[in-house]
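K.L.:
From the sequence below, what's the structure:
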Amino acid sequence: MNKAKCVKISLLLTALSLSICIPMFAISVTAKKQVYTRNIPVYINDAVPGCSWAEWSVEPWLKGSGTEEDPYMIKDLVIEVSGFQFAMMIQDSDAYFKIMKCTFSNGGIVGERSAGFILINTQNGVIFKNNFIGNDGAGIAVIGSLHNVIQKNLCSENGVGIYIEWGMFTTIKQNDCKNNFDSGIVIASAHKNVIEKNDCFENANAGIALINVGEPDHSPKDNIIYKNNLENNLLGIYSSDADMNDVLRNTIAENFYGISFGLGSEGNTVYHNNFIDNDNQAIDFQPTANNWHHPYMLEGNFWSDAPFGYDLYPIVEENGWEVMTPIEEEILDPLLPNRLGGDRIVIASETSYIRYGVLQLFSERVEGEAYPPYTVRINGEEVLDSVWLFKEETDYGEPGLMQLYYIKIPPYYLTEVMGLTLGYHEYLVEISWYNSGELQVASFTTGFTLIE
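P.N.:
Numbers count the residues shown, from 1 in each chain. Purely as a prediction, here's the structure:
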């Protein structure tokens, strides 16, 4: 995929017609469902007279007050325009808002950078269950924005389905991006976004593309591409000058190229993906600069034919990483008996365990916080044995990887080998890791009561 061919949306409009700022009541209403229609764009910007959220609130399709508890809500609005650069734009906004069950179509002027729906320098938005169809440029374009959610939208027959540039902390989740004339989803010089569980089918270029539009120092970084279905595109995933991104648990099937890493793409980690019947499973112009298996789990990807040569730990079955070994099943048992620590009672004559887990949430990963490897020490001695667990949904409501360190202690070892007497004993636990190059250490003392 050529970057020059990829639709780039960077917008700073210098002039806006008053007709798209001042509410014109150019609507029709269907009687049964309260669907509002317009053929004039909507432009919302609190810094521009006549365009603020408050001034637009006279429209029957805009509810709410813009607080976290009562966000602005635009629902059941259909905007089909012709000859305008967008159907709706929200700019320079930090109000809380939700766009839901709307349709934006035919936005864009041929030869202009445009989209059906655009956010610029905006945060706190949720774009949920909308249709973006037949827009020149992109269906959705998010420029220089933070902390927005794009979920369960249909993006079809646009230039690009969803386009993110220069932003951070965008969640792109469960969208249907198909039959677009360029790519399904494009991450352009944007960092720390999570792209998960999207269906990207039959796009003319990539299902998901990571590109640098701000050379030389603005490669997209620290994005997580997780559990997407990428099928029948020219490329399943395309990366041009993108660094330190994680690609995991995707199904990449029947594309001409399954995944392509161009020059300048370094430090990316590709593991636990299914590569199925792509004409060319993988291309990497700097294969030793990327990780084709998880560097600490030592687990790679499933390949429907011969494994890519730089995946040193290929998975032998589709979704084969779900298979637990007997020791993993034992150690991961939430009812694991006879555990030392937490002031529990431990029976000396039975097998006992020490077990501590370190959970890495996706949000911690994209926010640049701690990342494996971790080190666990018990009374100064490093614990070497560990198993890995992928949690689809943790207690924090999001996916994460847990590394579970353990010591399995035979019957009577505590008393006959270590010489512990019956009664209460304490020990020190230390967990260390590096955060942005600085050593971090967390420690605590815990204990157990040993009985016969």
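K.L.:
that's a helix at residue 330, yeah?
P.N.:
Yes - assigned with DSSP: H, G, I helix; E, B strand; the rest coil, residue 330 falls within a helix.
K.L.:
what's it in contact with, if anything?
P.N.:
residue 336 (Cβ atoms under 8 Å, 6 or more residues apart in numbering). For glycine as for every other residue, the C-beta is placed from the backbone atoms N, C-alpha and C.
K.L.:
from now on call the first residue 12
P.N.:
Understood, numbering begins at 12; the last thing we discussed is residue 341.
K.L.:
Compute the distance between it and residue 183, please.
P.N.:
With distances taken as Cβ to Cβ, to the nearest Å, residue 341 is found 38 Å from residue 183.
K.L.:
Which residue would you name as the spatial centre of this structure?
P.N.:
Residue closest to the mean C-alpha point of the chain, counted by Cα atoms, centre = their mean, is residue 205 at 1.6 Å.
K.L.:
What are the buried residues along the helix or strand containing residue 460?
P.N.:
Here residue 460, judged by DSSP states H and E, is contained in strand 449-462. Across strand 449-462, burial judged by 16 or more other Cβ atoms under 10 Å covers 457, 459, 461.
K.L.:
what does stretch 189-205 give?
P.N.:
189-191, 193-205.
K.L.:
now, which of those residues lie within helices?
P.N.:
Assignment to helices by DSSP state H places none of the buried residues of stretch 189-205 there.
K.L.:
List phi and psi for the residue lying closest to residue 77 once chain neighbours are set aside.
P.N.:
Distance criterion Cβ to Cβ, 6 or more residues apart in numbering; nearest residue to residue 77, sequence neighbours excluded, is residue 106 at 3.6 Å. Per-residue torsions, residue 106: phi -70, psi 150 (degrees, to the nearest 10).
K.L.:
tally of neighbours for residue 84?
P.N.:
Look at residue 84: counted by other Cβ atoms under 10 Å, it has 17 neighbours.
K.L.:
What residues does it make contact with?
P.N.:
Contacts for residue 84 (Cβ under 8 Å, 6+ apart) come out as 73-75, 108-109, 111.
K.L.:
Buried only: go through the residues you listed for me.
P.N.:
Using 16+ other Cβ under 10 Å as the burial test, those include 73, 75, 108-109, 111 as buried.
K.L.:
now the nearest residue to residue 104 once chain neighbours are set aside: how far from residue 271?
P.N.:
With sequence-adjacent residues excluded and distances taken as Cβ to Cβ, 6+ apart, residue 104 is closest to residue 133, at 4.6 Å. Plainly put, residue 133 is 32 Å away from residue 271 if you go by Cβ to Cβ.
K.L.:
Also residue 60?
P.N.:
Residue 60 sits 48 Å away from residue 271, going by Cβ to Cβ.
K.L.:
more neighbours, those two?
P.N.:
Shown here are residue 60 and residue 271; by other Cβ under 10 Å, residue 271 has more neighbours (23 against 11).
K.L.:
Using CSV, lay out the buried residues of strand 449-462 together with pLDDT and distance to residue 95.
P.N.:
Below are those laid out as CSV (pLDDT from 0 to 100; distance: Cβ to Cβ, whole Å):
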residue, pLDDT, distance to residue 95
457, 97, 64
459, 97, 70
461, 97, 76
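K.L.:
Serialize those to TSV and add fields for distance to residue 348.
P.N.:
TSV is the format used below for those (distance: Cβ to Cβ, whole Å):
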residue	distance to residue 348
457	17
459	13
461	14
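K.L.:
Nearest to residue 410 among those?
P.N.:
Nearest to residue 410 among the buried residues of strand 449-462 is residue 457, at 28.3 Å by Cβ to Cβ.
K.L.:
partner residues bridging the closest one?
P.N.:
In this entry, residue 457 is beta-bridged to residue 438, by DSSP bridges.
K.L.:
Could you check how far it is from residue 353?
P.N.:
Going from residue 457 to residue 353 by Cβ to Cβ gives 6 Å.
K.L.:
same deal with residue 127?
P.N.:
For residue 127, the distance to residue 353 (Cβ to Cβ) stands at 54 Å.
K.L.:
just residue 188 next, same as before
P.N.:
47 Å.
K.L.:
now swap in residue 140 and tell me
P.N.:
Residue 140 sits 44 Å away from residue 353, going by Cβ to Cβ.
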